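Asks: the amino acid sequence is not available; the structure is as follows:
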């Protein structure tokens, strides 16, 4: 197996091939033309291939030299690009966060600017695709925000529960104060029920606390993502049962109201998942501390 050629010889060849001149290559590399000639001769002897035709004072690539120059030039170009990228990103950490689509859209995205402002050296990459990555390391994920029933996580995963979230009926204000105002639970009989199928508490569960009221829970639009169900409620399609955590912006802006107030059943829905081996990395610890501080403010 042939040894790797000396980098100085490769640099000399690349410059001479690109400039079609040993003299110009020497000027660029701050060496003498004889040094360039010596380095190229060393390459030719090592591989047993003639790289240049030497015609009087001019040089011209051989066919083998031209093919080699194409590859070497491309390699140097990649090194230049990588070096420029390193200069731009070398001072920052990249934090890859995977989240359920609804939490990412409704809660996390509106707040990410605050995290970036407090941690300017951390660049967040937010991924909200399904399916969930079971192995964080293999999927290149630093943090995974999951929703649903707790299930056995791969060995070495640390799971931190979010604060409990409250589930209440929600609707557009025009619906709550419209032709059929919503002041009591029985008023829901005049309205379409929107079903958020991923929510851990369904209309059937909620109605167990209101057994005297008969509602047709078999009807109404159904959505497999909360953010779609929330959008439907904002558009006045009906009354939604979902998490106060996910509708903070809509409640603050008045696009949604909670006709029966903000008291309701609480669930433990979201969890923060990270590899134990990486839990103390500064970028992960910074995001974890920020996230839970924000969640505590949301719960107030």
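Replies: In hand now; what should we look at? Source: prediction; values computed, not measured.
Asks: use CA for all of it now, contacts and neighbours both
Replies: Will do.
Asks: these two touch, right, residue 269 and residue 200?
Replies: Yes - proximity of residue 269 to residue 200 meets the contact threshold set by C-alpha atoms under 8 Å, at 7.3 Å.
Asks: list residues touching both of those two?
Replies: Jointly contacting residue 269 and residue 200 under the rule C-alpha atoms under 8 Å, 6 or more residues apart in numbering are residue 148.
Asks: what about these two, which has more around it?
Replies: residue 269 (20 against 17; other C-alpha atoms under 10 Å).
Asks: who's in contact with the more buried one?
Replies: Contacts of residue 269 (C-alpha under 8 Å, 6+ apart): 147, 148, 149, 161, 162, 164, 165, 200.
Asks: pLDDT wise, what is residue 90 at?
Replies: Looking at residue 90, its pLDDT is 51.
Asks: quick one, helices of the stretch 151-300 of the chain?
Replies: Counting by DSSP state H, counting those that start in this stretch, the segments of the stretch 151-300 of the chain that form helices are 173-176, 203-207, 226-234, 248-253, 282-299.
Asks: format these as TSV; extra columns: mean neighbour count and distance to residue 186.
Replies: Below are the helices of the stretch 151-300 of the chain laid out as TSV (neighbours: other C-alpha atoms under 10 Å; distance: least, C-alpha to C-alpha, whole Å):
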stretch	mean neighbour count	distance to residue 186
helix 173-176	20	13
helix 203-207	15	11
helix 226-234	22	19
helix 248-253	14	23
helix 282-299	15	29
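Asks: now mean pLDDT and distance to residue 100 too, for those, in CSV please.
Replies: Output for those, formatted as CSV (pLDDT from 0 to 100; distance: least, C-alpha to C-alpha, whole Å):
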stretch, mean pLDDT, distance to residue 100
helix 173-176, 94, 28
helix 203-207, 91, 22
helix 226-234, 96, 10
helix 248-253, 95, 17
helix 282-299, 92, 15
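Asks: for residue 103, find the nearest of those helices.
Replies: helix 226-234 (8.1 Å; C-alpha to C-alpha).
Asks: centre of the chain versus that closest one, how much separation?
Replies: Relative to the chain's own centre, helix 226-234 is displaced by 23 Å; criterion: C-alpha atoms, centre = their mean, to the nearest Å.
Asks: about what we covered before: show the buried residues in the contacts of residue 269.
Replies: 147, 161, 162, 165, 200 (16 or more other C-alpha atoms under 10 Å).
Asks: mind pulling up the pLDDT for the first one?
Replies: Translated: residue 147. pLDDT at residue 147 comes out at 90.
Asks: gap between it and residue 278?
Replies: 21 Å (C-alpha to C-alpha, to the nearest Å).
Asks: who are the contact partners of the residue nearest to residue 247 when sequence neighbours are not counted?
Replies: With sequence-adjacent residues excluded and distances taken as C-alpha to C-alpha, 6 or more residues apart in numbering, residue 247 is closest to residue 106, at 6.9 Å. By C-alpha under 8 Å, 6+ apart, the contact list for residue 106 reads 227, 246, 247, 249.
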